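Asks: This is the structure alone, sequence omitted:
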């Protein structure tokens, strides 16, 4: 089993690293706040004190971080891992980052003989712990073969989108755009129902039981019906970040996306009103307020 | 078994009436163009020459028609069935019509002692023939009990939305709004993918196989991936009609629905360009043209 | 001087009728609530007790009413003026009504030998009293010639849009759409400025003094800068009515107008929040609330 | 008279520099392609070979460049002018740049003792040559006093927005947002008119002669009526750049601006279709195509 570097030990990263340890991989883990590594160290991971310490020459380093900047911070500079990883090395990039960054990193990595493999995931931390993630993959064929055992230890399925470094990230953003769109549609639908006398729970039942019998709709219809907006599974702020990556990528590729523009406005309004840490299904509140409904704060807590 | 009037023998109506005949109901059927009744008559239905001829005093008449006006045409006037249906009668209204019309008919029917029961359905003609429709129901408790055997002979499940005459129609419109929203989101997503080098079929696979493993998304993602926009399962023009009923009902209840406004613009553009009879998933073409993609007419045929 | 019927004595109608009396015309005036006719009767107008009493056979009747329905109410039926007006008569229709109604009335009038001339106006009541209105005109050439002296007694200029009965109404709606659009743009601009530390009055000065040195922008920039939303010069509800006529006419002619859709949502939100009787420049409040600004109710009163 | 550095000799910059020379200022001018300086050198300007050569210690340097990056390129680094300008110096920043850049430059300049004064302008090159620009100003009081004679030699009026370094840039962006909004509104209005049989030139006459008798509306209504989209006075690409600066600044300040989102989509669609170098009033073409009108390419040339 290869020894692997793993950077980024938030909820998702920790769950994924745990699955890898259980599958028998040796991990050198790094997190900006090292306390988060404790549980993994107890399971056998070795704690690295700098990003560069996670890398073995010619080895593999996985990143699972919050945004573009966090990835750039562990890649570049004296402390960064790319130079040490060097010829034959692979950067397995599993965060949701911009295609723009993927292009830039792929070029930069090449100068060090490192390959960039994109492998962002769909799924929540529980899915990561249970090896139930879905993985989108793109990169060179040989590199993808080499990381296969890693991905098989985390996910229940992998979808291959070819050799282009940014492709898998585009697909991940597409998925998040569709989730956000489904939430906005549900939010408007439930406000429409409410203003016309329809019971929220009955509406959630018919939608989740018939036309939209899939987890995304069932989860969010239920959250809206029961007004369960805190604690967040995925925050408004993260939703806004992803929609803005979609809009950036769409502008770069000259693709007007009016629905993404609408989502941007909704999430931005929620942030402006102090709801950035609510679950992103809470955009129901924005639709509701614009329809003159008085929002029940008791449910919001 | 009750003898029932059935008005409206389009694809959906014919399939529903067929299921009722097979379940043992006696039907008096009416259609503006009587030729469409031939197959049902061969199965034992009796052909009525006027809408009023479908009604037995105190009986039940089902309507399954294209729009508000078509329903009004068979209800009112000398030829209409309501007066003849009279005290104890039930009008079982299964078309997708406006809540505004439902309110008006419920009031008008009351003057003749007739009850209005709303029971619009989700599903395609094949589902209707296979008794697999989903039914939304609202009306008085006694009337709903009386029509139960009819609904059980057509659908696989019924969702009750209380006593208000328009309620089930609101839910039906909500469902169609969500379907149209899903199509718009998919259309933008596929154009976004295409402009960024993602293969359409691979994208359809990952979406339908993971986040959105439900028939609505699978059907429309596949139609867009393969550019199968004709013949239409449900036309752009019918989509526009339903979105406009949503907007009308939303305006009446003072509910801003920006996503519905966007859908209206998309479908209207498609109609303006001569694509009114394409499948409503063809709004992909609108997004694609606005992104500067050249549309492949060969696939469109 | 011809004897003229004048129906509709709201603020605009009364001011216009006053100008006509001062110009020497004889008027038979009608209003649903006859009290509003008192000042005009004191100036020499004759009070009619039914719409039909305003008409002389072969004469001219002017309508200046709030909406389509109000016009229909005085035209049709036993009390309506069209039958009595009869061959050679002219209905000079100066209200802001739908092109759809204009088409219908023109056809119906023709059966009585009456010509429909559209002549909606731009301007406030003060402009009407000072003969400073701008008039859009369409109808047959001979009928337009005959009403010329009337229009010259009310307006400072007339723009001819040909023979088509609805044309002038289309232009009137276009103007109101542009006004509403300017208000929405100003509302967003002022909220943008406010969130970035720009003084509202300074912003109004630079806009009204440079790029947009025209009354529409100066009026609304000043109203927003000083938060003078009540009493209304033109209410949110009337704005919504006109935007909805634009959307109806656009749908009939298959014209997607995304900006009109946005205006509909804004005005509808304002009505939903109980601000229907505020000035339409108060849509600033909608933008401000969505940006998380706390609205100052003291200014709103 | 002070000796002044002037960087950026496009159409606007050259016209402004010419006015300064005529007013008696001594100029050191710089442009990336020095050929554009020839006419000014003939009028007495001195040609600088590096941005830093334009600066006198403690003097004033004016920048009038195309975008943020162009300004950064002449400020920073060995060739940049800020270090040489040094204590007591003023950077008079007249380009349309982002408030975000203004904040960053103001901080950076401070380390060298240089003051940042924002003074973006409204007006076309002809206005610059005729000393008819309108200027928005912000910066420290003393610095603003010192640059006053310069501004008075270029503009017909200056609007002061206080001491905050980015304020004048916010106002400039606000103005361009309002211009773009007016163009979109006119574009939709003219398409609406066209689909309803209204002559374009007659519509331009009534709008420019009554409600919107100000140069912005008259210019763009006339351009749309006559379909004069090339050569561009201001291109779609520049319009998109400015709208995107508005959206960036709005996101930074948490201000949802749905109309700006709509403008982004329109301009982006035009760029996607290869119309980036058309005049920004050509977004009429986008509305027209979405309404099914066939665009007349002869007029477009």
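Replies: The structure has been received and is ready for your questions. Since this is a predicted model, take the numbers as computed values, not measurements. Numbers count the residues shown, from 1 in each chain, chains lettered A, B, ... in the order given.
Asks: Is any residue of stretch A:279-298 near chain D?
Replies: No: Stretch A:279-298 stays clear of chain D (C-beta under 8 Å from any C-beta of the partner chain), getting no nearer than 9.2 Å. Using the backbone N, CA and C atoms, a C-beta is placed for each residue, glycine as well.
Asks: for that stretch, which positions count as buried?
Replies: By neighbour count on 16 or more other C-beta atoms under 10 Å in any protein chain shown, the buried set for stretch A:279-298 is A:279-293.
Asks: Give the rounded mean pLDDT of it.
Replies: Averaged over stretch A:279-298, pLDDT sits at 90.
Asks: Filter the buried residues of stretch A:279-298 to keep only those in contact with chain C.
Replies: A:286, A:289, A:290, A:291, A:292.
Asks: Now do the lengthiest helix in chain A and helix B:167-195, the angle between them.
Replies: When chain A is parsed with DSSP state H, its longest helix is helix A:167-195. Angle, helix A:167-195 to helix B:167-195, by axes from the mean of the first three to the mean of the last three C-alpha atoms, to 10 degrees: 160 degrees.
Asks: Among the ones next to chain C among the buried residues of stretch A:279-298, name the ones in helices.
Replies: A:286, A:289, A:290.
Asks: of these, closest to chain D?
Replies: residue A:286 (9.2 Å; C-beta to the nearest C-beta).
Asks: Okay, the closest one and residue D:264: tell me how far apart.
Replies: 20 Å (C-beta to C-beta, to the nearest Å).
Asks: sorry, back to before: and the longest helix of chain A, anywhere near chain B?
Replies: Yes: under the criterion of C-beta under 8 Å from any C-beta, chain B is reached by helix A:167-195 at A:167, A:170-171, A:174-175, A:177-179, A:181-182, A:184-186, A:188-189, A:191-193, A:195.
Asks: and if you look at stretch A:85-101?
Replies: Yes: residues of stretch A:85-101 contacting chain B under C-beta under 8 Å from any C-beta: residue A:99.
Asks: what is the rounded mean pLDDT of that stretch?
Replies: 97.
Asks: list the buried ones in that stretch?
Replies: A:85-86, A:89-99, A:101.
Asks: quick one, what contacts the residue lying closest to residue A:117 once chain neighbours are set aside?
Replies: The shortest distance from residue A:117 to any non-neighbouring residue, by C-beta to C-beta, 6 or more residues apart in numbering or on different chains, is to residue A:139 (3.5 Å). Contact analysis of residue A:139 by C-beta atoms under 8 Å, 6 or more residues apart in numbering or on different chains lists A:115, A:116, A:117, A:118, A:119, A:163, A:165, A:168.
Asks: mind listing which of the residues you listed are in helices?
Replies: residue A:168.
Asks: ok, the ones next to chain C among the buried residues of stretch A:279-298 vs residue D:81, which is closest?
Replies: residue A:286 (46.6 Å; C-beta to C-beta).
Asks: and stretch A:236-252 with chain B, contact?
Replies: Yes: looking at stretch A:236-252 against chain B by C-beta under 8 Å from any C-beta, the contacts come from A:246, A:249, A:250.
Asks: Just among the residues you listed, which is most surrounded?
Replies: Taking other C-beta atoms under 10 Å in any protein chain shown as the neighbour criterion, residue A:246 ranks highest of the residues of stretch A:236-252 next to chain B with 27 neighbours.
Asks: mind listing the helices for the stretch 151-300 of chain A?
Replies: Along the stretch 151-300 of chain A, the segments classed as helices by DSSP state H, counting those that start in this stretch run A:167-195, A:200-209, A:215-225, A:236-252, A:258-272, A:283-290, A:297-300.
Asks: restrict the ones in helices among the ones next to chain C among the buried residues of stretch A:279-298 to those near chain B?
Replies: residue A:290.
Asks: would TSV of the ones in helices among the ones next to chain C among the buried residues of stretch A:279-298 with distance to residue C:106 be doable?
Replies: Shown next, in TSV, are these (distance: C-beta to C-beta, whole Å):
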residue	distance to residue C:106
A:286	45
A:289	44
A:290	39
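Asks: Identify the farthest-apart pair in the buried residues of stretch A:85-101.
Replies: Greatest spacing in the buried residues of stretch A:85-101, by C-beta to C-beta: A:86 and A:96 (26.7 Å).
Asks: got the contact list for the residue of the stretch 101-250 of chain A at minimum distance from chain D?
Replies: Proximity of the stretch 101-250 of chain A to chain D (C-beta to the nearest C-beta) peaks at residue A:244, 7.3 Å away. Listed by C-beta under 8 Å, 6+ apart, the contact partners of residue A:244 are A:264, D:251.
Asks: Could you do residue A:68 as well?
Replies: Taking C-beta under 8 Å, 6+ apart as the contact definition, residue A:68 lies against A:97, A:98, A:101.
Asks: What separation do you get for it and residue D:216?
Replies: For residue A:68, the distance to residue D:216 - C-beta to C-beta - is 39 Å.
Asks: cool, and residue A:210?
Replies: For residue A:210, the distance to residue D:216 - C-beta to C-beta - is 52 Å.
Asks: ditto for residue A:122
Replies: 48 Å.
Asks: Residue most distant from the centroid, chain A?
Replies: Residue farthest from the centre of chain A, counting by C-alpha atoms, centre = their mean, is residue A:197 at 36.7 Å.
Asks: who in the stretch 151-300 of chain A is up against chain D?
Replies: So far as C-beta under 8 Å from any C-beta goes, the stretch 151-300 of chain A lies against chain D at A:244, A:250-251, A:254-258, A:261-262, A:264-266, A:268-269, A:271-272.
Asks: Looking at the stretch 51-200 of chain A, what residue ends up closest to chain C?
Replies: For the stretch 51-200 of chain A, C-beta to the nearest C-beta, closest residue to chain C: residue A:195, 8.4 Å.
Asks: quick one: the strands in the stretch 1-150 of chain A?
Replies: Here the stretch 1-150 of chain A has its strands, by DSSP state E, counting those that start in this stretch, at A:3-7, A:26-30, A:46-47, A:60-63, A:90-93, A:115-118, A:121-122, A:133-137.
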